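> pasting the sequence and the predicted coordinates here, then a few questions.
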There are 2 protein chains.
Amino acid sequence: MGDAADDIVSATYRALCEHGYADLTMQDIADESGKSKSLIHYHYDTKHDLLCAFLDDLHDRFVETVDGVVDDHDDEGAAETLRAIYIELTTPTDESKFPGFQTALMELKAQAPYDEAFRERLVGFDEVLETHVEAVVADGIERGEFRADADPEMVADFFVTLLLGAQSRHVTTATDPETLRTELDAYIDARLRSVEGST
Amino acid sequence: MGDAADDIVSATYRALCEHGYADLTMQDIADESGKSKSLIHYHYDTKHDLLCAFLDDLHDRFVETVDGVVDDHDDEGAAETLRAIYIELTTPTDESKFPGFQTALMELKAQAPYDEAFRERLVGFDEVLETHVEAVVADGIERGEFRADADPEMVADFFVTLLLGAQSRHVTTATDPETLRTELDAYIDARLRSVEGST
């Protein structure tokens, strides 16, 4: 991506936080980027194209984040890595620090049934997360830390659904994702941790 | 609620399914109800008032549904009741059979951070569910079916978050909530079921 295109995508992020998805105009993005609407249209034909580029950029950073957490906690075992993923993705970061951001993302998610390009990209986020969690669980089983009868794919599906539920409740009803961590630990200990395994 | 007000709320449901939240107009609701816009305005000052009445009506039916499931499965034990709640609320019913309905509800949820009246009502749905699940878990502990070290409030928070996550993934990425049931069963068995308890 060129510098100008890069700047426009960053401006889209800020404009989304401020205006939300439903009211977002190309003019808002132009104002936020300090560039003309015609320059923006030179790079992106439509607002929809720009939002897809924005989701692609967000996806790249999401992959980096998840890769980073898994690498950082790899030597602490699978249970600690799962905990770290949960904490990382339910704690406000650079991308999500503005309250408007998670809300705008939820508005985009609500459009997914009508919009294949959005839906494909949103599925991509879930797939990255599921693939990583599945690998962590499989690794935990291989090392003997997790029970051999745990199915990595099913555990990943369960964990990702819980995590997305926690994120969505945080936006909708300001529920604190931290209160869930005690029961998540209980699930990991009772369901996943092998009796002989210890970390 | 009078008959006319009732009809208007039902028409709101159908209009939401068809048009979604963002594009919904009082005229759409008038068209759907076969009543004049002025009659609708006689009952509800604003679209927002009407949507709040719609959520209140939905809430009443939600309470009936959850009460019904708990009553129907009471004698099968706590684990079966939790399973039945999950199945009931992730399987399309009269209220949710139109694909547009869950999407419209998600659009309303995305508005919650900006709209206190919506947020209060959405919190109300979660509270009904949490209260019921908490009671089921507490009952399971009392009967000796569930482990005494399970905290009903934390289990309810965990279960409700998982269920809402499954509903939201179903809307956004068409993920099938049924595939999650195997791991939910594993959680119930490993984390909740007491070693001596049997159903």
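Sure thing, it's come through.
> residue contacts, A:Val66?
A:Ile85, A:Glu88, A:Leu89, A:Val128, A:Leu129, A:His132 (CB atoms under 8 Å, 6 or more residues apart in numbering or on different chains). Quick note: C-beta positions are derived from backbone N, CA and C, even for glycine.
> do I have it right that the first one meets A:Val133?
Read it as A:Ile85. Yes: with contacts counted by CB atoms under 8 Å, A:Ile85 reaches A:Val133, the gap being 6.8 Å.
> among those two, which residue is more densely surrounded?
Shown here are A:Ile85 and A:Val133; by other CB atoms under 10 Å in any protein chain shown, A:Val133 has more neighbours (26 against 22).
> let me know the helix or strand that the more buried one is in.
Using DSSP states H and E, the element containing A:Val133 is helix A:116-142.
> contacting residues for the residue in chain A positioned nearest to chain B?
Going by CB to the nearest CB, chain B is nearest to A:Gly165 of chain A, at 2.5 Å. By CB under 8 Å, 6+ apart, A:Gly165 lies in contact with B:Thr161, B:Leu162, B:Leu163, B:Leu164, B:Gly165, B:Ala166, B:Ser168.
> could I get the one helix or strand the first one maps to in PDB with only the CA atoms?
B:Thr161 is part of helix B:152-173 when elements are defined by DSSP H and E. The C-alpha coordinates for helix B:152-173 follow below in PDB (Å, rounded to 0.1, in the frame of the first residue of the first chain):
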ATOM      1  CA  PRO B 152     -23.800 -20.000  40.100                       C
ATOM      2  CA  GLU B 153     -23.200 -16.400  39.200                       C
ATOM      3  CA  MET B 154     -19.900 -17.000  37.400                       C
ATOM      4  CA  VAL B 155     -21.300 -20.000  35.600                       C
ATOM      5  CA  ALA B 156     -24.300 -18.000  34.500                       C
ATOM      6  CA  ASP B 157     -22.100 -15.200  33.200                       C
ATOM      7  CA  PHE B 158     -19.900 -17.700  31.300                       C
ATOM      8  CA  PHE B 159     -22.900 -19.600  29.800                       C
ATOM      9  CA  VAL B 160     -24.800 -16.400  28.800                       C
ATOM     10  CA  THR B 161     -21.700 -15.000  27.200                       C
ATOM     11  CA  LEU B 162     -21.200 -18.200  25.200                       C
ATOM     12  CA  LEU B 163     -24.800 -18.300  24.100                       C
ATOM     13  CA  LEU B 164     -24.800 -14.600  23.000                       C
ATOM     14  CA  GLY B 165     -21.500 -15.200  21.200                       C
ATOM     15  CA  ALA B 166     -23.100 -18.200  19.400                       C
ATOM     16  CA  GLN B 167     -26.100 -16.100  18.400                       C
ATOM     17  CA  SER B 168     -23.900 -13.200  17.100                       C
ATOM     18  CA  ARG B 169     -21.500 -15.500  15.200                       C
ATOM     19  CA  HIS B 170     -24.600 -17.100  13.600                       C
ATOM     20  CA  VAL B 171     -25.700 -13.700  12.300                       C
ATOM     21  CA  THR B 172     -22.300 -12.400  11.300                       C
ATOM     22  CA  THR B 173     -20.600 -15.400   9.800                       C
END
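> mind listing what's buried in the helix or strand just after it?
Downstream of helix B:152-173, the next assigned helix or strand under DSSP H and E is helix B:181-187. For helix B:181-187, burial by neighbour count (16 or more other CB atoms under 10 Å in any protein chain shown) applies to B:Arg181, B:Glu183, B:Leu184, B:Ala186, B:Tyr187.
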